[in-house]
Every structure is written in C-alpha cells, then in structure tokens.
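>>> Provided below are the primary sequence and the corresponding predicted coordinates.
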Amino acid sequence: MQYRHPPHPNLASSSPRYHGLLYRWHLDSNLLQALLFLIGLGLFILYSAGNENIHTVEGQCLRLGFAALVLVAVAQIPPYRLRVLAPWIFFVGLFLLIAVMAMGDVGKGARRWLDFGIIRFQPSEIMKLAIPMYLASLLHEKILPPRLTTLFLCLFIVLVPVALTAMQPDLGTALMLLLAGFCVIFLAGLPYRYLIGVALLTTAAVPILWHFMHGYQRQRVLTFLSPETDPLGHGYHIIQSKIAIGSGGLFGKGWLMGTQSHLNFLPEHATDFIFAVAGEELGLLGALVLLLAYIWVIGRGLIIAYTAQDTFSRLLAGSLAITFFFNIFVNIGMVCGLLPVVGIPLPLVSYGGTSMVTLMAAFGVLMSIQTHRRLWSN
C-alpha cells in the first residue's frame, strides 16, 4: 500500500468529495448536523429550565458562539501537527494545574480557577483534551499492544494531573481525566489480565480512598446509598430529581409546564440537573430523543475513529468519543440516582461552564481527523 500522491495535509482537498464549503473549512457535515441538532434541543430545554429567562439563552448562545470558533480553529490543524503539539499542550496544562495550587482563586470551597483579569478558567479542563492527545502521541511510536513499561509510563502521565485535580478538590473532573486517559490505554490493546488486576486493586484501595476523601465527598456517597435518610438535607437534590423525572410519565407535562423547576423545588435545574427538567416536561419520549441525539454524535465519533488512518488519530478519536459518552452517562446516572452526585454538567445542554469550550475543541479534533484524511491506493 502506498500514497497516491506525496503526503500533504491539504491533499484531501483535491478530491471531489472534499469540494464544498464545509470541507474547505475542514468541517464534517455528519458530525456538524448532529451537533447542531443537539445544541438546538439543548437551548429548547434550557429556556424552560432557566424559568423562561431569555437572557439565560442569550448567555448560552454567546458561549456556544465562542466555542464554535474554537471548534473551527482546531479543525484547521492537521492531525500530524496535533501530534507534535500534544506534549507541549500537556506540560503547559500541567504547569497551570500546579499554578492553581499556589495562586488559584477559591470558589465554593475549592481552589480550581486561574484569574488573569480578562479571562477566568479551570486548567483542569485543558487536561481533558491534553491527556488523551499526549498518550495517543506517545503510543503512536510504540508497538501495540503496549508493553508493561509503557503502561507504567502512561499510568504516571494520567495519575499526576488526576491527583492535582483531586487535591483542588474537584473529584468529578478528576474522574473524567482518569477515564479519558484510561480510554486511550484501553483502545491501545490493554490485555484483559491487566484489566482484572486494576479492578482488584481498585476494590482493595476503596478503604484507603475513603480515608482520604473530604467530608462532603463521603456524604455524597452516603446520600447516594440512602437519600431518604436526610430528605430535606443532603438527599434533597436526588429526591426532587427523581420526582421530576417520574412525574413526566410517557409524554411529559409539556414544555414550560414543569412544576419542579418552575416552582424551584429542583435545585440546579439549569445546570447539573437539567436532564430532570427534560424528563418532567418532555416525558420518556422527549428524554429518548435527547439520548438519540447523543448517540448520533457518539456514533459519528466512533466511525471517524474506525476509519482513521494512523494510530494517533484512531486512539485520539476513539477516546474522545468514549469520554463524551462517559460525561453523559455520569450526569444522567447522577440525576437518576444511579450514581453519586459529582457535579458534572450535561454536555451541550447544561448552562455555562468552561467545559463547553474544551468539548467543542474535542469535536474540532474529530473533524480535523476526518477531513484531513489522505488518499490511499493499493
């Protein structure tokens, strides 16, 4: 197998299939359609969840507009350049995480933000993209499945930013960073005996982890196991969320007709618990439409990973698609009482958050991988 033409990042534009405005801007039409449908549905839900406050939707649109510019900018960068930049992005993000420990802003009892005057952001959000990029670039040069020494190196790369993030404390984001790194290692061909070993070690380490957890983190686990023991205190969020989802039935109460959110029984109804609003107002059928929109996005991401033409692109695209799934799974599981509350927003639906920019940058990477593909011939 050989290249039909000398490899060049813009070679794909010479093919007829790449003609048109979208491919000139390196935007994948299938993924773009899925994202636009999901964003539109998210704004539809958010308007009601924000108590019909148009300023809430306007603020969300401004964030989405900036995030869309980031997506387009990242999509212009060919995968081979992303591979070269990956170590630099990782170490800059690691430096910023260390800076947070020394000079970060404190909010709601956690030191997670860096404030540079005109911009205030969480460096841990950068690591959601930096960790899988760096691991994929490292494994690109290795024999797969990776050897034990390579696995230890990858584990070290993942655990350092995870530990720094957990110390802020931000257990939810630390969990997402761990999953992002694990996805890359798993897709690289992690042997099943190692998976079993990790599962056994994690189980054995639970008492140790419990000892080092903060008081509020322990309370979240206890509330998850039995929210009814404190219905007006720590269990209030979960109980009200279940009431909202259950009261929606099959068809829902109707858009703008949700009582749990509009009467302020449901806390954080425009952010972390917005899925409960969708369940109450749109019912089971509306919630399924939202889930199908997510499946559309995830499926397109996995297809891009499957058809990618080098190890770096396959590992990176696959990990980004699977990590996106985990974000959705954790949020919905949390809202439905199937998982402890960890403060992870519902992607592209929940209001605000620095995570939206990182998320759209990840979709820009997927579009870059798809639209910068080289032409092959036998």
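Good, I have the coordinates.

>>> Going by C-alpha atoms from here, please, whenever you check contacts or count neighbours.
Noted.

>>> Give me the next element, helix or strand, following the longest helix belonging to the chain.
Ranked by residue count, the top helix of the chain under DSSP state H comes out as helix 274-307. Next in sequence after helix 274-307, counting helices and strands by DSSP states H and E, comes helix 311-335.

>>> Spatially, and excluding backbone neighbours, which residue is closest to the residue most central in space within the chain.
The chain has Phe324 as the residue nearest its centroid, 4.3 Å off, counting by CA atoms, centre = their mean. Taking CA to CA, 6 or more residues apart in numbering as the measure, Phe324 lies nearest to Ile298, with 7.2 Å between them; neighbours along the chain are not counted.

>>> mind showing which ranges of the stretch 1-150 of the chain have poor pLDDT?
Within the stretch 1-150 of the chain, the set of residues satisfying pLDDT under 70 comprises 1-19, 107-109, 117.

>>> mind listing the strands for it?
All strands of the stretch 1-150 of the chain, identified by DSSP state E, counting those that start in this stretch, fall at 2-3, 105-107, 110-115, 120-121.

>>> what's the most buried one of those?
Using mean count of other CA atoms under 10 Å, the stretch among those with the largest mean neighbour count is strand 110-115, at a mean of 19.

>>> Could you name the helices and strands sitting against that one?
Strand 110-115 is packed against helix 79-103, strand 105-107, strand 120-121, helix 123-140, with contacts defined by 3 or more CA pairs under 8 Å, 6 or more residues apart in numbering; DSSP states H and E.

>>> now do 7 Å
For strand 110-115, the helices and strands in contact under the criterion 3 or more CA pairs under 7 Å, 6 or more residues apart in numbering; DSSP states H and E are helix 79-103, strand 105-107, strand 120-121.

>>> The longest one vs strand 110-115, what angle?
What it means is helix 79-103. For the pair helix 79-103 and strand 110-115, the angle between their directions (axes from the mean of the first three to the mean of the last three CA atoms, to 10 degrees) equals 110 degrees.

>>> Enumerate the positions of helix 79-103 that are buried.
Residues 79-80, 82-83, 86-87, 89-90, 93-94, 96-98, 100-101 are the ones in helix 79-103 that count as buried (16 or more other CA atoms under 10 Å).

>>> between that helix and helix 311-335, how big is the angle?
Computed with the same axes, to 10 degrees, the direction of helix 79-103 lies at 50 degrees from that of helix 311-335.

>>> Residues contacting helix 79-103, please?
Outside helix 79-103, the residues that touch it by CA atoms under 7 Å, 6 or more residues apart in numbering are 111-114, 123-124, 126-127, 130-131, 133-134, 137, 161, 164, 313, 368-369.

>>> What is the burial count for Ala287?
By other CA atoms under 10 Å, 23 other residues sit near Ala287.

>>> Can you tell me the closest non-neighbouring residue to it?
With sequence-adjacent residues excluded and distances taken as CA to CA, 6+ apart, Ala287 is closest to Gly279, at 5.6 Å.

>>> I'd like the next helix or strand past whichever strand or helix holds Val162.
Assignment of secondary structure by DSSP H and E places Val162 within helix 148-166. The helix or strand immediately downstream of helix 148-166 is helix 171-187, counting by DSSP H and E.

>>> which other helices and strands contact that following helix?
Where contact means 3+ CA pairs under 7 Å, 6+ apart, helix 171-187 is packed against helix 123-140, helix 148-166, helix 311-335.

>>> okay, those helices in a markdown table with distance to Gly343 next?
Below are the helices and strands packed on helix 171-187 laid out as a markdown table (distance: least, CA to CA, whole Å):
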| stretch | distance to Gly343 |
| --- | --- |
| helix 123-140 | 14 |
| helix 148-166 | 13 |
| helix 311-335 | 8 |
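
>>> Would you mind finding the most buried of those?
When neighbours are counted by mean count of other CA under 10 Å, the highest per-stretch mean among those falls to helix 123-140, a mean of 26.

>>> which outside residues touch that one?
Against helix 123-140 from outside (CA under 7 Å, 6+ apart): 83, 86-87, 89-90, 93, 96-97, 154, 158, 165, 177, 180-181, 184, 311-312, 315-316, 319, 355, 358, 362.

>>> Stretch 274-284 too?
Contacting residues not belonging to stretch 274-284 are listed as 45, 49, 241, 244-245, 247-255, 257-258, 261, 269, 286-287, 332, 335, 350 [CA under 7 Å, 6+ apart].

>>> Can you select the buried ones among those for me in ChimeraX?
Selection of buried members from the contacts of stretch 274-284 for ChimeraX, criterion 16+ other CA under 10 Å:
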select :45,49,241,244,245,247,248,249,252,253,255,258,261,269,286,287,332,335,350
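
>>> Show me the contacts of stretch 274-284 that map onto helices.
If you go by DSSP H, the contacts of stretch 274-284 have 45, 49, 241, 244-245, 247-248, 261, 286-287, 332, 335 in helices.

>>> Distance to Glu141 for the residues you listed - can I get that in JSON lines?
As requested, these are exported to JSON lines (distance: CA to CA, whole Å):
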{"residue": "Ile45", "distance to Glu141": "45"}
{"residue": "Ala49", "distance to Glu141": "47"}
{"residue": "Ser241", "distance to Glu141": "47"}
{"residue": "Ala244", "distance to Glu141": "50"}
{"residue": "Ile245", "distance to Glu141": "48"}
{"residue": "Ser247", "distance to Glu141": "53"}
{"residue": "Gly248", "distance to Glu141": "52"}
{"residue": "Ser261", "distance to Glu141": "51"}
{"residue": "Gly286", "distance to Glu141": "45"}
{"residue": "Ala287", "distance to Glu141": "43"}
{"residue": "Ile332", "distance to Glu141": "37"}
{"residue": "Val335", "distance to Glu141": "41"}
